[in-house]
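predicted model and sequence below, questions to follow.
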Amino acid sequence: MSDENDPVVQVIQVPAPLHITPNEEDDRPLAELRLAITGPQRTRDRAHMLRLNAQGWTVPAIAEIFECHPHTVRTTLRRWEADRLSRLWEAPGRGNKATNRNGKRTICVTSSSV
């Protein structure tokens, strides 16, 4: 039987810390990608997130730097663990669609649709 003076224990589940350890072969492209002038900003940000995590930064600290949700950082780290560099870019069909010089969307018409 519990007494009114017994302390109440509450268990809170906290996500396990994620930490990647890229080898030299993996780190060099990350460093180059992070500093690249061309390429999608999100991809460069993901490379930077990975390098910060490898240096010991925590997920919440990285999320604060990039002003994003910690889930975004965790997703980036898990994508890296699964497929390395290939998962840093957006999946096909994501992002802005192709436009012509006038800024209008380009639509491709094939002979079967005419």
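Arrived safely. Being a predicted model, the structure only gives us computed values, none of them experimental. Residues are numbered from 1 along each chain as shown.

please give the element, helix or strand, for Glu25.
Counting by DSSP states H and E, the element that carries Glu25 is helix 24-35.

I would like the residues contacting that helix, please.
By Cβ atoms under 8 Å, 6 or more residues apart in numbering, the surrounding residues in contact with helix 24-35 are Pro22, Gly39, Thr43, Arg44, Ala47, His48, Leu50, Arg51, Ala54, Arg84, Leu85, Leu88. For glycine as for every other residue, the C-beta is placed from the backbone atoms N, C-alpha and C.

got it, and stretch 73-89?
With Cβ under 8 Å, 6+ apart, stretch 73-89 has contacts from 15, 18, 20, 22, 26, 29-30, 33, 40, 43, 46-47, 49-50, 53, 59, 62-63, 66.

give me the low-pLDDT residue ranges for this structure?
Where the chain drops to pLDDT under 70, the residues are 1-4, 6, 13-17, 86-87, 91-114.

helices of that one, start to end?
Assigned by DSSP state H, the helices in the chain fall at 24-35, 41-54, 59-66, 70-83.

what's the farthest-apart pair in the contacts of helix 24-35?
Gly39 and Ala54 (20.0 Å; Cβ to Cβ).

out of these two, which sits in the more crowded spot?
Applying other Cβ atoms under 10 Å to Gly39 and Ala54 shows that Ala54 carries more neighbours, namely 17 against 12.
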